[in-house]
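Undergrad: Sequence and computational prediction follow.
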Amino acid sequence: LGSTLLADALAVAAQTLLAQSITREDKDAVKEIVSKTMFLGLLLGTVTAALLAGTSGVIPGLFSDDASVIEGIQFLLPAVLLTQPVTALAFVLDGVLYGGSDFNFAAKCMCASAAVACTTMALGVNFWAADDFEVLSSIWAGYGLLMTMRLFVILYRLQDEEAPYRKYL
């Protein structure tokens, strides 16, 4: 949760800086903001994953002493670690979309990604999962798809000639 809030804060800063640079038609500043935002988002997600991996033997015990809960956390840890960089990068790139006034695309991207994620979760939970670990796997598979789709669709949009800010990139 902490890294998500940090990524969101970075997205808000990028949104504001990008909107100002586009208003000034400062192409170099727009490129620099997008580049630094992507770098910082990836760095944030990677550092978060490394911290979670490094403290994985301690943190679960802070939340519960129930063996099945700790086992569930350990089971999910690889998925959680893999999604950290993707999630942070997708969150900060939202700021790029918003700063470039690409609100409609951001909404469509989220709806399409959410539809695939929710379908994956529903199918997994209702038709595949035979135990609690498979339910958790289905939920995290859906979440991973949500964030991965958002990331790649936004990256595609940054290259799209129809994007309102494309002439600055």
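TA: The structure has been received and is ready for your questions. Numbering: from 1, shown residues only.
Undergrad: so where do the helices sit in this structure?
TA: For the chain, the helices defined by DSSP state H cover 2-23, 27-54, 59-63, 67-99, 103-123, 132-159.
Undergrad: Dump the ones you listed into TSV; add mean pLDDT, distance to residue 168 and mean neighbour count as well.
TA: For the C-beta atoms, the positions are set from N, CA and C on the backbone; glycine is no exception. As requested, the helices of the chain are exported to TSV (pLDDT from 0 to 100; distance: least, CB to CB, whole Å; neighbours: other CB atoms under 10 Å):
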stretch	mean pLDDT	distance to residue 168	mean neighbour count
helix 2-23	93	6	17
helix 27-54	96	4	17
helix 59-63	87	42	12
helix 67-99	94	11	19
helix 103-123	97	16	15
helix 132-159	96	11	18
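Undergrad: measure residue 165 to residue 139 for me?
TA: 34 Å (CB to CB, to the nearest Å).
Undergrad: Equivalent analysis for residue 55, please.
TA: Taking CB to CB, one finds residue 55 at 23 Å from residue 139.
Undergrad: Alpha carbons of stretch 151-164, in CSV - could you do that?
TA: Provided in CSV are the C-alpha atoms of stretch 151-164 (Å, rounded to 0.1, in the frame of the first residue of the first chain):
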residue,chain,number,x,y,z
LEU,A,151,0.9,-0.7,-18.4
PHE,A,152,1.2,-2.0,-22.0
VAL,A,153,-1.9,-0.2,-23.2
ILE,A,154,-0.5,3.1,-21.8
LEU,A,155,2.9,2.4,-23.3
TYR,A,156,1.2,1.8,-26.6
ARG,A,157,-0.7,5.0,-26.2
LEU,A,158,2.5,7.0,-25.7
GLN,A,159,3.5,5.9,-29.2
ASP,A,160,0.1,6.5,-30.8
GLU,A,161,0.0,9.4,-33.2
GLU,A,162,-3.6,10.1,-32.1
ALA,A,163,-2.6,10.8,-28.5
PRO,A,164,-3.1,14.5,-27.6
